[in-house]
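Asker: next input, structure requested:
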Amino acid sequence: MTQCKVLNLMVDYRRNPLGMDDLNPRLSWQIQAETRGFIQSAYQIQAGCDPSFEAEAELVWDTGKVVSDSSVHIEYQGKTLQPRTRYYFRIRAWDSEGNGSAWSAPAYWETGLLSTQNWQASWITAPVPGQLTEKSEDPCDYFRTQFELPAGAVSARIYATSLGLYRLYVNGSPADDTLFNPGWTSYNKRLQYQTYDVTRMLTAGGNTLGCIVGNGWYKGYLAWDGGKDHYGKQRALLVQLHITLADGSEQIIVTDGSWRTSTGPLLMSELYHGETYDARLEPEGWASPNFAGHHWKQAALTDAPPPLLVAQENEPARIVETIKPIAVITTPAGATVLDMGQNMVGWVRFRVDAEAGTVVTLQHAEVLDRDGNFYTGNLRSAKQTVTYICRGGEPETFEPHFTFQGFRYVQVTGVPHDQLLEQFTGCVIHSDLEQTGSFSCSDELVNQLQHNILWGQKGNFLDVPTDCPQRDERLGWTGDAQVFIRTAAFNMNVVPFFEKWLKDLAADQEADGRVPHVIPDIPTAGYGSSAWGDAAVICPWTLYQCYGDVRILKQQYPSMKAWVEYIRAQGEHEFLWNTGHHFGDWLGLDAKENSYIGATPKDLIATAFFAYSTELLAKTAEVTGQQEEAEKYRQLHGNIIRAFREDS
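Answerer: You can find the predicted model right below:
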């Protein structure tokens, strides 16, 4: 037997994922070998519901020995997967001499609900609030329900989502450490749900589920025109808890008319503007058993037609690291400012000991002005302000819920100077992507450049690839994404992140093939520019180049083709793109004063991208086995090249 091990088993680029809706997940593995030049000659995969694999008759898939050197993206082809089921799998491999390894340690994946038909929960919402005051602009909704368990749970899974952003609690504790769920998708077409393993959080006797729901991307302020309610005017919640008891019976808890709802201390929460939290209004123990919540109102059922519910597709956002401030600055204007020492995206967690009613205010900014004063001019309308009103009586700790800031400097009021450095912590938040690449050299300036690039990715990869994390924008500009995706793939494992985003691109693509400037789309942004819309083609191809995953190309091919055909239909010349709106050489260094656009002609840029996307589409058709399509687009590419040269 050869001296090698099969390890690092992955399912759709993740380790032991919960709540998947993929009926043919892609399995990958690595091999650790003692011999130089090890080449896998064959593999075998077994999958089943028994982690011991003692009963082979219970296997749902056994490939037998497959002659192949491939160890990535092997699609499951076994029996039809069942909902809410954990499947274990193991792998062994053979070398070029025919020597086989031992079986790997088992890994697993767990299916979610798989189909909308398996949802038993109802969408619930809070009663329409009364007239809002300046102090409480659209306060967040609090929901809760209580239930009894006759015995401890053997297994318990919560499946949850919302219209808005939600934070889920079980018996007073957060269900997990993920943030900004359910993420940002094309909400009217696709809505992600999350799966939580809460087995150890439940107890025999009384239990409570609680949830806070805020505006988020769904109905909060988006873009620069001050608009909100882009996807809907009413927040809503959907929760389904499946509990398996020791005797094999199942108990199901769902959102319905029995849930209770109220407002609470979270008086305002907006992605751009920050949060206002009055700790004096905290209903102590509201998400725990035995809370006297009889004064809470009954939740209302809503029959709004839900979009397609899909299991979480990308890595969730988390607090990935923390940073302590390096200095407290008193500005020339007399303001007290914390310097985090690093431009970052996330929020500030702080601990304060003050009298009841003390107002603590944190304003966030990226830079100081030339005089050293706190500067917010580049934020435009984004307030980036967190206001906390103290409960008093003892030290209290706070961090926001549904907002994030882009900042290095924090202007603080209401906190004694001696409590600033030690009791304030910057929490860096982004999609929890695994870092897979690094670079360093003997030149410290180049090393600093790479550091800046990596931090730029951290700051702009919070569920969608954004253009900036601080001002009243933070949108998934397609042009930015296609320019940066190759670098992003060097730094981190970005496939789940971009696969999810590209599905939204396809969902938001117009019937004629036009691609919105931003994904997910909002009407403010517009459609159809070269280089921006070409993300539909460039991004899938780049992922294929970096990861060798043909499924991405197959999945996105209709969208890629629709974009090229949209360009082809523009104007009077089939092979030139010289009509329509284009950003051109955006932010070109040779731009005229008061202009964002460089001197390179827009028609030249547009036709060049037409040629490039057509070339990539032909290659994609070739890779996916569509020979006639490949030849058709090779010919189109040749015609574009000739027309481009003749027109230049």
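
Asker: tell me how many other residues crowd residue 54.
Answerer: Counted with other CB atoms under 10 Å, the burial measure for residue 54 works out to 8 neighbours. Bear in mind the C-beta positions are built from the backbone N, C-alpha and C, glycine included.

Asker: against residue 48, how distant is it?
Answerer: In this structure, residue 54 and residue 48 are 10 Å apart, going by CB to CB, to the nearest Å.

Asker: any regions of this structure where pLDDT drops low?
Answerer: Applying pLDDT under 70 to the chain picks out residues 1-2, 129-136, 304-306, 648.

Asker: going along the chain, name the helices of the stretch 201-350 of the chain.
Answerer: Shown for the stretch 201-350 of the chain, the helices assigned by DSSP state H, counting those that start in this stretch span residues 216-219.

Asker: kindly report the same for the stretch 401-550 of the chain.
Answerer: Secondary structure of the stretch 401-550 of the chain (DSSP H, counting those that start in this stretch): helices located at 420-423, 444-460, 478-491, 495-508, 535-547, 550-568.

Asker: list the helices and strands the first one packs on?
Answerer: Counting contacts by 3 or more CB pairs under 8 Å, 6 or more residues apart in numbering; DSSP states H and E, helix 420-423 packs against strand 336-352.

Asker: quick one: contacts for residue 28?
Answerer: Contacts were defined as CB atoms under 8 Å, 6 or more residues apart in numbering; by that measure residue 28 touches 9-11, 13, 71-74.

Asker: hmm, 6 Å instead?
Answerer: Residue 28 makes contacts with 10, 72, as judged by CB atoms under 6 Å, 6 or more residues apart in numbering.

Asker: run through the bridge partners of it.
Answerer: residue 10 (DSSP bridges).

Asker: center of the protein, which residue is that?
Answerer: residue 463 (2.4 Å; CA atoms, centre = their mean).

Asker: mind telling me what element the closest residue to it other than its chain neighbours is part of?
Answerer: Closest residue to residue 463 apart from its sequence neighbours, by CB to CB, 6 or more residues apart in numbering: residue 183 at 4.6 Å. Secondary-structure element containing residue 183, defined by DSSP states H and E: none, the residue being outside all helices and strands.

Asker: distance of residue 183 from residue 31?
Answerer: With distances taken as CB to CB, residue 183 is found 34 Å from residue 31.

Asker: okay, those two: which has more neighbours?
Answerer: Taking residue 183 and residue 31 together and counting by other CB under 10 Å, residue 183 has the greater number of neighbours (26 against 20).

Asker: from residue 223, how far off is the more buried one?
Answerer: In this view, residue 183 and residue 223 are 18 Å apart by CB to CB.

Asker: repeat that for residue 452.
Answerer: Here the criterion is CB to CB. By it, residue 452 lies 26 Å from residue 223.

Asker: looking at these two, which is more packed in?
Answerer: More neighbours surround residue 223 than the other of residue 452 and residue 223, with 19 against 11 (other CB under 10 Å).

Asker: quick one: neighbours of the residue lying closest to that one once chain neighbours are set aside, just the number.
Answerer: Ranked by CB to CB, 6+ apart and with sequence neighbours excluded, the top spatial neighbour of residue 223 is residue 524, at 4.4 Å. When neighbours are defined as other CB under 10 Å, residue 524 has 16 of them.

Asker: how about residue 374?
Answerer: Neighbour number of residue 374 under other CB under 10 Å is 19.

Asker: for the nearest residue to it once chain neighbours are set aside, give the beta-bridge partners.
Answerer: Spatial nearest neighbour of residue 374, excluding adjacent residues (CB to CB, 6+ apart): residue 411 at 4.8 Å. The bridge-partner assignment for residue 411, based on DSSP bridges, gives residue 337, residue 363.

Asker: ok, now which ones touch residue 411?
Answerer: Counting by CB under 6 Å, 6+ apart, residue 411 has contacts 335, 337, 363, 374.

Asker: show me which of those residues are buried.
Answerer: Neighbour-count burial (16 or more other CB atoms under 10 Å) is assigned, among the contacts of residue 411, to 335, 337, 363, 374.

Asker: and which of the residues you listed is nearest residue 248?
Answerer: Within these, distances to residue 248 taken as CB to CB reach their minimum at residue 363, with 55.7 Å.

Asker: the closest one touches residue 386, doesn't it?
Answerer: No: using CB atoms under 6 Å, residue 363 is not in contact with residue 386, being 8.1 Å away.

Asker: mind listing what's buried along stretch 269-283?
Answerer: Residues 269-279, 283 are the ones in stretch 269-283 that count as buried (16+ other CB under 10 Å).

Asker: from residue 516, how far off is the closest residue to residue 532 other than its chain neighbours?
Answerer: Closest residue to residue 532 apart from its sequence neighbours, by CB to CB, 6+ apart: residue 479 at 4.0 Å. For residue 479, the distance to residue 516 equals 11 Å [CB to CB].

Asker: cool, residue 338 as well?
Answerer: 38 Å.

Asker: quote the end-to-end distance of stretch 591-605.
Answerer: Between the opening and closing residues of stretch 591-605 there is a gap of 15 Å (CA to CA, to the nearest Å).

Asker: report the buried residues of it.
Answerer: Of the residues in stretch 591-605, those buried (16+ other CB under 10 Å) are 597-598, 602-605.

Asker: so which pair among these is furthest apart in space?
Answerer: Of all pairs drawn from these, the greatest distance, 13.7 Å, lies between 598 and 603 (CB to CB).

Asker: residues shared between the contacts of the two?
Answerer: Overlap of the contact sets of residue 598 and residue 603 (by CB under 6 Å, 6+ apart) is empty.

Asker: how much space between residue 466 and residue 361?
Answerer: From residue 466 over to residue 361 the distance is 26 Å, taken as CB to CB.

Asker: which one of these two is surrounded by more residues?
Answerer: The residue with more neighbours, out of residue 466 and residue 361 and counting by other CB under 10 Å, is residue 466; that gives 21 against 16.

Asker: pretty sure that one is touching residue 478, no?
Answerer: No: under the criterion of CB under 6 Å, residue 466 lies out of contact with residue 478, with a separation of 11.5 Å.

Asker: hang on, residue 291 packs against residue 282?
Answerer: No: with contact defined as CB under 6 Å, residue 291 does not reach residue 282; the gap is 11.8 Å.

Asker: on that earlier part again, of residue 479 and residue 516, who's got more company?
Answerer: Comparing residue 479 with residue 516 by other CB under 10 Å, the one with more neighbours is residue 516, at 26 against 19.

Asker: ranges for the strands of the stretch 301-450 of the chain?
Answerer: Taking DSSP state E, counting those that start in this stretch to define them, one finds strands in the stretch 301-450 of the chain at 308-311, 317-323, 327-330, 336-352, 359-365, 367-368, 374-375, 385-389, 396-398, 405-413, 424-431.

Asker: next, format those strands as JSON lines and append distance to residue 439.
Answerer: Formatted as JSON lines, the entries for the strands of the stretch 301-450 of the chain read as follows, by distance: least, CB to CB, whole Å:
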{"stretch": "strand 308-311", "distance to residue 439": "34"}
{"stretch": "strand 317-323", "distance to residue 439": "19"}
{"stretch": "strand 327-330", "distance to residue 439": "29"}
{"stretch": "strand 336-352", "distance to residue 439": "19"}
{"stretch": "strand 359-365", "distance to residue 439": "30"}
{"stretch": "strand 367-368", "distance to residue 439": "27"}
{"stretch": "strand 374-375", "distance to residue 439": "32"}
{"stretch": "strand 385-389", "distance to residue 439": "35"}
{"stretch": "strand 396-398", "distance to residue 439": "38"}
{"stretch": "strand 405-413", "distance to residue 439": "24"}
{"stretch": "strand 424-431", "distance to residue 439": "19"}
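
Asker: count the residues that sit near residue 572.
Answerer: Count around residue 572 with other CB under 10 Å applied: 7.
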